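Visitor: have a look at this fold, sequence not included:
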């Protein structure tokens, strides 16, 4: 299935995953056909996700189970963007408390940081979505931040689309720590422009030639607009049509699902 006009004229794509390609382990309509169309036509793309819980290898496996075959270098997460930022701003060797899953933990270890548990040992605090977060771990992060450790948040998404519905996301962890520390972190993921600059660098694409496809207005659409990209809001995740049409900046396109992007042949 080729891409539909006018989408076939777009030269490069940044593509969110959760709520765009799937909900949990359930693929969304035309996800496979859409990615296959990009691959068949040789159009460069990068999966750009704020979800820092998984590694690129884990995403490759999950996508493969849905019939989407890509390499790990097609995946760019807020965990990878965070590790790049921290390595430049606070070069290793340093020690970090991590509130987060495998994605951010492995990214920070591969960047040269030692992961620690206690506030007294920490030079940095990195927070992300963490389905195993406990009060004790949040307390250690709070103590470290209050003692002066720089605090970096992978992404601000307050919620996350699952098979069962909308559940707490990384931004809920951030809100907890903000309430406990009376401080705000440096945020790396969408809608911050830094992660878009990194992604465009990887793609070798110019902003004016690139489109951001996502489901969340305050991250995907706002971030894409700030970075000078065209934007497509798909209504299979967080945003409703009424919200998308009323949002400023308004997405360039609003589509019900990915079937709108590919020709039915």
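Guide: Great, that's in hand. Computed from a predicted model, the values in this text were never measured in an experiment.
Visitor: quick check, residue 212 in contact with residue 222.
Guide: No: using CB atoms under 8 Å, residue 212 is not in contact with residue 222, being 9.8 Å away. Where you see a C-beta, it was placed from the backbone N, CA and C, and this is true even at glycine.
Visitor: who has more neighbours out of the two?
Guide: A direct count of neighbours by other CB atoms under 10 Å for residue 212 and residue 222 places residue 212 higher, at 29 against 21.
Visitor: any idea how far residue 220 is from the more buried one?
Guide: Distance of residue 212 to residue 220, computed by CB to CB, to the nearest Å: 6 Å.
Visitor: so what sits against both of these two?
Guide: Common neighbours of residue 212 and residue 220, counting by CB atoms under 8 Å, 6 or more residues apart in numbering, are 16, 231.
Visitor: doesn't residue 46 fall inside a strand?
Guide: Yes: counting by DSSP: H, G, I helix; E, B strand; the rest coil, residue 46 is part of a strand.
Visitor: sketch out the strands for the stretch 151-265 of the chain, chain order is fine.
Guide: Here the stretch 151-265 of the chain has its strands, by DSSP state E, counting those that start in this stretch, at 151-153, 159-162, 165-168, 186-187, 210-214, 230-234, 253-255.
Visitor: of all these, which lies closest to residue 25?
Guide: Minimum separation from residue 25 across the strands of the stretch 151-265 of the chain (CB to CB) falls at strand 159-162, 9.8 Å.
Visitor: and the most centrally placed residue in the chain, how far from residue 212?
Guide: With distances taken as CA atoms, centre = their mean, residue 50 lies nearest the centre of the chain, 1.5 Å away. For residue 50, the distance to residue 212 equals 12 Å [CB to CB].
Visitor: any shared contact partners between the two?
Guide: Shared contacts of residue 50 and residue 212, counting by CB under 8 Å, 6+ apart, come down to residue 16.
Visitor: list the buried residues in the least confident helix or strand in the chain by mean pLDDT.
Guide: Least confident helix or strand of the chain, by mean pLDDT, DSSP states H and E, is strand 159-162 with a mean of 82. For strand 159-162, the neighbour count (16 or more other CB atoms under 10 Å) marks 160, 161 as buried.
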